[in-house]
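Asker: Output the structure for:
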Amino acid sequence: MPLTLIVTEGILPQHLVADTVAQLSESFLRLHGLAGNGVLTPNVVGHVQTVPVNSTFCGLKPMPVAVVEWLTPSFAFTSREVQIAYVKEATDIVHKACGGKQPREQIWVNVKHAVDGTWGINGEAMTNAQLLEAISAG
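Answerer: Next up, the predicted model:
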């Protein structure tokens, strides 16, 4: 499950990047009841994309932003309770990591769902059913 954290340069201190990605990922796993899952945990990947100042926009104006973006199978984030809890937790994690300097209203969270059958893990294109079976065994 790829996580991308997009931030404007200067809002997230470099020494907090790894911990922030870990916290966002741990929250995802915990809220889905998959903390410590031996199959899914190693396949939660993440990266931070730092964008130059004056290259991010809010309200049509250059503005520092933070975006937490997941790409998941369609069976993830389907519960409204999980959606609400994750958006709040992710916003809190990023806000705290930025030292409270990034306004909460300029932290966004979104989820994209992948096409069934396009999860490539270890060179194998897996369907949602195959992925669920593997995760259930893990």
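Asker: The closest residue to N54 other than its chain neighbours: what's it in contact with?
Answerer: Residue nearest to N54 in three dimensions, not counting chain neighbours: P62, with 4.5 Å by C-beta to C-beta, 6 or more residues apart in numbering. Any C-beta I mention is one placed from the backbone N, CA and C, and that applies to glycine too. Listed by C-beta atoms under 8 Å, 6 or more residues apart in numbering, the contact partners of P62 are 53-56.
Asker: May I have the beta-bridge partners of P62?
Answerer: In this entry, P62 is beta-bridged to F57, by DSSP bridges.
Asker: Quick one: the helices in this structure, in order.
Answerer: Assigned by DSSP state H, the chain shows helices spanning 17-31, 80-97, 128-137.
Asker: Save the ones you listed as CSV, and put in distance to W108 and mean neighbour count too.
Answerer: Listed next are these as CSV, based on distance: least, C-beta to C-beta, whole Å; neighbours: other C-beta atoms under 10 Å:
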stretch, distance to W108, mean neighbour count
helix 17-31, 13, 18
helix 80-97, 9, 16
helix 128-137, 26, 15
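Asker: Of these, which is nearest V39?
Answerer: When the helices of the chain are compared by C-beta to C-beta, helix 128-137 sits nearest V39, at 4.9 Å.
Asker: Report pLDDT for the nearest residue to N110 once chain neighbours are set aside.
Answerer: Nearest non-adjacent residue to N110, counting by C-beta to C-beta, 6+ apart: E69, 5.4 Å away. Here the pLDDT value assigned to E69 is 98.
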